[in-house]
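Asks: task: produce atomic coordinates for the following.
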Amino acid sequence: MNACSRPHLIDMEISQTESGLGLEELSCEPSVNEVLRQFRLIFGTFHQHFRKVEPKCGTSGAQIWILAEVIRAPGIGISDLSRKLGVQRSTGSLMVRKMLHAELLSKKCGLNDQRRIRLYVTAKGKKILAMAQKPPDGALPTALSTLSRVELEALCGSLTKVIAKLGVNNGQFELLPFDGRYEE
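Replies: Residues are numbered from 1 along each chain as shown. Reported below is the predicted structural model:
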């Protein structure tokens, strides 16, 4: 019997998932193997979403996410965009540079400060974004945004403990593009 099919264990209500599982109730036994299974399920779903993007749109999931953010906030700057994506400014700048070269984005200098760049999605970028799988920023950020503040705090606290146990302290991966692959 699957550890998550035992009704006497911890219960969490979930709605029907996009994958069509239609689970009304998910019960979970707190074991290392069950948590590893859950991580595989989360990251598998996450990677699957972005693996479908590139063949369909001809661009990476990170670039689709950028297009979506710029559509939401026309004229956004690179620093604000990088913050929304959760990446370092230098990473955001590099990604934007590639998209400017590919004519997916256009830029205009600020009126008062010529050093401030404002970004806009081009017609070509809008066409690509229209072909993209929804949600454009990926299933994981969307799912996380549906959690309550209390649920996010609990998850964040638990993940912080796991990260500490892993001995991760250099931040090597925390501000890289979150599209299932690492661009250089």
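Asks: which intervals of this protein have sub-threshold pLDDT?
Replies: Within the chain, the stretches with pLDDT under 70 are 1-28, 50, 133, 137, 169-184.
Asks: how many neighbours does the residue lying closest to residue 53 once chain neighbours are set aside have?
Replies: Computed as C-beta to C-beta, 6 or more residues apart in numbering, the closest residue to residue 53 that is not its neighbour in sequence is residue 61, at 4.5 Å. For every residue, glycine as well, the C-beta is placed using N, CA and C. Look at residue 61: counted by other C-beta atoms under 10 Å, it has 26 neighbours.
Asks: how about residues contacting stretch 93-112?
Replies: Applying C-beta atoms under 8 Å, 6 or more residues apart in numbering, the contact partners of stretch 93-112 are 59, 62-63, 66-67, 70, 75, 78, 81-82, 87, 115-122, 124-125, 128, 177, 183.
Asks: the residues you listed in strands, which ones?
Replies: Among the contacts of stretch 93-112, the residues falling in strands (DSSP state E) are 117-121.
Asks: pick out whichever of those residues sits closest to residue 40.
Replies: Each of the ones in strands among the contacts of stretch 93-112 was scored against residue 40 by C-beta to C-beta, and residue 121 proved nearest at 34.6 Å.
Asks: host element of residue 46?
Replies: Assigning secondary structure by DSSP states H and E places residue 46 in helix 32-57.
Asks: all helices for the protein, in order.
Replies: 32-57, 61-72, 78-85, 89-101, 123-131, 139-145, 149-166 (DSSP state H).
Asks: pick the most buried one from the ones you listed.
Replies: Ranked by mean neighbour count, those are led by helix 61-72 with a mean of 24 (mean count of other C-beta atoms under 10 Å).
Asks: rewinding a little: between the helix holding residue 46 and helix 123-131, how many degrees?
Replies: Using axes from the mean of the first three to the mean of the last three C-alpha atoms, to 10 degrees, the direction of helix 32-57 lies 130 degrees away from that of helix 123-131.
Asks: just checking, what packs against helix 32-57?
Replies: helix 61-72, helix 123-131, helix 139-145 (3 or more C-beta pairs under 8 Å, 6 or more residues apart in numbering; DSSP states H and E).
Asks: cool, thanks, talk later.
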